[in-house]
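[1] need coordinates for the following:
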Amino acid sequence: MVKTVLTVKDLSASYRKNTVLENVSFTVEQGSLTGIVGPNGAGKSTLIKSLLNLHPTLSGTVDFFGQPFKKAQQAIGYVPQRGSVDWDFPTNALDVVLMGLYGKIGWLKLPSRSHKKLAYEALDKMGMIDYAERQISQLSGGQQQRVFLARALVQDADFYFMDEPLAGVDAATEQAIMAILKELKGKGKTVMVVHHDLQTVADYFDHVLFLNRRVLEYGKTSTVFTKENIARTYGGNMRWTLEEGSHVVHP
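    As a prediction, this is how the structure comes out:
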């Protein structure tokens, strides 16, 4: 039986007095790996932040596992856009990953040996164990992204949101991240990812949500990832190169 883990109804939000989300409604099934796609300014990041109470909403309701975010937040992990993080903050990779355990440790307590073991294991899984003591400002963009993903992994959430985790990373890091996301899906975790590269959507995600202020289409990638839905979402700013058996899209 399919279990619904997120229900969004008539969600609206604004940014600098401009409405960026308008009556957004959709439901998400447990164990799905969804790509959120749409043009710049479509409200993709605002959608995630609104769902997680990080951005004020104008209207609508959001339920995780049948309850409000505040009651479900321990089961939810979030990887923000790399550009929104202060990378000059004086902390090392291990400390960043340990932040993912603060819900279990408590903000005023020191991490135990077992907590640090979990953090090291997460860094090792992301190929970053040798950089545990390295200041985050000294890491490359791809390495920083791996550390933030390790922070999310150590939380052992049931539902993960990731805002453009593949933006600006090298090919090896991209493949490593996608391997982890597919592993999470295989464990029954649910993942929603803001994604910018339409050429990889069909390979990376089993569901896709087309967003441009409103949800224009949402469903299984094999069904809804079509030229028509892409054109509806991105408007006239697309040109197409047709290859046998596939569509390659150029914004």
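
[2] only C-alpha atoms from now on, for both contacts and neighbour counts.
    Noted.

[3] from residue 5, how far out is residue 109?
    According to C-alpha to C-alpha, to the nearest Å, residue 109 and residue 5 sit 32 Å apart.

[4] neighbour count winner among these two?
    A count of neighbours by other C-alpha atoms under 10 Å puts residue 5 above the other of residue 109 and residue 5, at 18 against 9.

[5] list the contacts for that one?
    27, 28, 29, 30, 63, 64, 65, 66 (C-alpha atoms under 8 Å, 6 or more residues apart in numbering).

[6] wait, doesn't residue 134 sit right on residue 90?
    No - using C-alpha atoms under 8 Å, residue 134 makes no contact with residue 90, being 10.3 Å away.

[7] where do the helices sit along the stretch 151-251 of the chain?
    Ranges of helices in the stretch 151-251 of the chain, per DSSP state H, counting those that start in this stretch, are 171-186, 201-204, 221-224, 227-234.

[8] with mean neighbour count and distance to residue 47 added, can I get those helices in TSV?
    Shown next, in TSV, are these (neighbours: other C-alpha atoms under 10 Å; distance: least, C-alpha to C-alpha, whole Å):
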stretch	mean neighbour count	distance to residue 47
helix 171-186	16	20
helix 201-204	16	19
helix 221-224	15	20
helix 227-234	16	16
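
[9] for residue 17, find the nearest of those helices.
    Of all those, helix 227-234 sits nearest to residue 17, with 22.6 Å by C-alpha to C-alpha.

[10] elements contacting the closest one?
    Applying 3 or more C-alpha pairs under 8 Å, 6 or more residues apart in numbering; DSSP states H and E, one finds that helix 227-234 makes contact with strand 207-212, strand 214-220.

[11] could I get that helix in PDB with only the CA atoms?
    Output in PDB follows, covering the C-alpha atoms of helix 227-234 (Å, rounded to 0.1, in the frame of the first residue of the first chain):
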ATOM      1  CA  LYS A 227       8.400  18.000 -24.300                       C
ATOM      2  CA  GLU A 228       5.000  19.500 -23.900                       C
ATOM      3  CA  ASN A 229       5.200  19.800 -20.100                       C
ATOM      4  CA  ILE A 230       8.700  21.200 -20.300                       C
ATOM      5  CA  ALA A 231       7.500  23.800 -22.800                       C
ATOM      6  CA  ARG A 232       4.600  24.700 -20.600                       C
ATOM      7  CA  THR A 233       6.900  25.200 -17.600                       C
ATOM      8  CA  TYR A 234       9.700  27.100 -19.300                       C
END
